[in-house]
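1. show me the folded form of this:
(one chain, ligands or ions: 1)
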Amino acid sequence: MKEALYVKDLCKTYVINKRQNNVLKNVNLTIYQGEMVAVMGPSGSGKSTLLYSVSGMDRPTAGEVLLAGKRITDLKEKDLAQVRLTSMGFIFQQMHMLKNLSIMDNILLPAYQAGGGRSRQEINEFCMALMRKLGISDVAQNDITEVSGGQLQRACICRSLINQPGILFADEPTGALNRSASEDVMEELNKLNQEGVTMMLVTHDMKVAAKCSRVLYIVDGNIKGELEMEDGDGQEKFRERKLNHWLIEMGW
Ligand SMILES: Nc1ncnc2c1ncn2[C@@H]1O[C@H](COP(=O)(O)OP(=O)(O)OP(=O)(O)O)[C@@H](O)[C@H]1O
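-> You can find the predicted model right below:
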């Protein structure tokens with residue numbers, strides 16, 4: 001299996017008023033292509049910090065990160081921004097969409113910014129296909145205030161995929177959604193994963209994590225354990241029970 005993300009001895013320390021807060025302490029992990037990995041753990045354990053540090057949204061204090069075999073830890077900001085734009089997709093709980101643009105224009109923007117070999121027509125057609133796939137083509141021309149939370153999150157997923165990234169990072173992708181919208185969004189993410197999109201997502205939601213192929217449990221800046229979900233685990237309820245037992249063992 002090919003490595004999508006390789007992380008070695010990753011440390012992140014925040015300094016506030018001369019006081020050091022060692023949030024990540026020598027984290028090691030590998031995510032293979034095609035995996036869907038959930039990161040769980042208590043509040044303040046460093047889940048979001050880990051996601052931001054491995055995805056180049058934030059600079060780690062020490063350690064190295066390889067994206068599809070390429071070291072990104074010491075890239076200059078401009079080069080790192082290009083890697084983020086072209087090789088990574090991001091989905092957040094708070095959807096960072098631009099207010100004066102339509103849903104479709106918000107999705108298109110990163111593709112126009114990235115340049116590359118695709119013509120505007122190719123990009124537009126790809127965008128339309130993504131919106132059809134995620135079931136939001138009928139709201140393509142709506143303003144971002146004229147759609148539901150679930151539709152907006154689907155638009156964010158389209159935007160995260162517009163540059164065909166090697167890996168998707170998501171921080172509480174269903175955190176702002178009600179149960180039914182959350183289930184729909186997870187179904188879409190699962191489908192994308194089955195089509196080969198690699199994902200790393202932070203979640204507090206057991207139902208969300210139970211749909212992933214592997215779960216990492218982080219405590220106080222270290223990965224305390226990991227649970228592999230076997231294909232044969234099949235049934236949703238069975239997976240949830242298996243995860244629940246394991247989380248209790250982890251001290252959740
Ligand atoms: N930009 C920052 N500057 C200083 N400290 C920060 C910053 N971001 C996070 N921290 C601190 O790092 C620690 C871990 O925060 P982080 O957001 O990674 O935790 P988390 O596990 O994602 O928590 P939650 O589940 O509550 O979202 C916390 O003590 C937090 O206060």
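2. what residues does this structure have near the ligand?
-> For the chain, the contact set with the ligand under C-beta under 6 Å from any ligand atom comprises Tyr14, Ile16, Asn21, Val23, Gly41, Ser43, Gly44, Ser45, Gly46, Lys47, Ser48, Thr49. To be clear about C-beta, it is placed using only N, CA and C from the backbone, and glycine gets the same treatment.
3. hang on, Glu226 in a helix?
-> No: read with DSSP: H, G, I helix; E, B strand; the rest coil, Glu226 is strand and lies in no helix.
4. quick check, it in contact with Val215.
-> Yes: using C-beta atoms under 8 Å, Glu226 is in contact with Val215, at 6.6 Å.
5. so those two - more neighbours on which side?
-> Val215 (24 against 15; other C-beta atoms under 10 Å).
6. tell me which residues touch the more buried one, please.
-> With C-beta atoms under 8 Å, 6 or more residues apart in numbering as the criterion, the residues that contact Val215 are Val37, Ala38, Val39, Met40, Ala209, Glu226, Leu227, Met229, Leu243, Trp246.
7. what about the stretch 151-252 of the chain, any weak spots by pLDDT?
-> Scanning the stretch 151-252 of the chain for pLDDT under 70 picks out 231-234.
8. list only buried entries from the contacts of Val215.
-> Val37, Ala38, Val39, Met40, Ala209, Leu227, Met229, Leu243, Trp246 (16 or more other C-beta atoms under 10 Å).
9. show the contacting residues for the third one.
-> Residues counted as contacts of Val39 (C-beta under 8 Å, 6+ apart) are Lys47, Leu50, Leu51, Met200, Leu201, Val202, Thr203, Val215, Leu216, Ile218.
10. show me which of these is closest to the ligand.
-> Lys47 (3.6 Å; C-beta to the nearest ligand atom).
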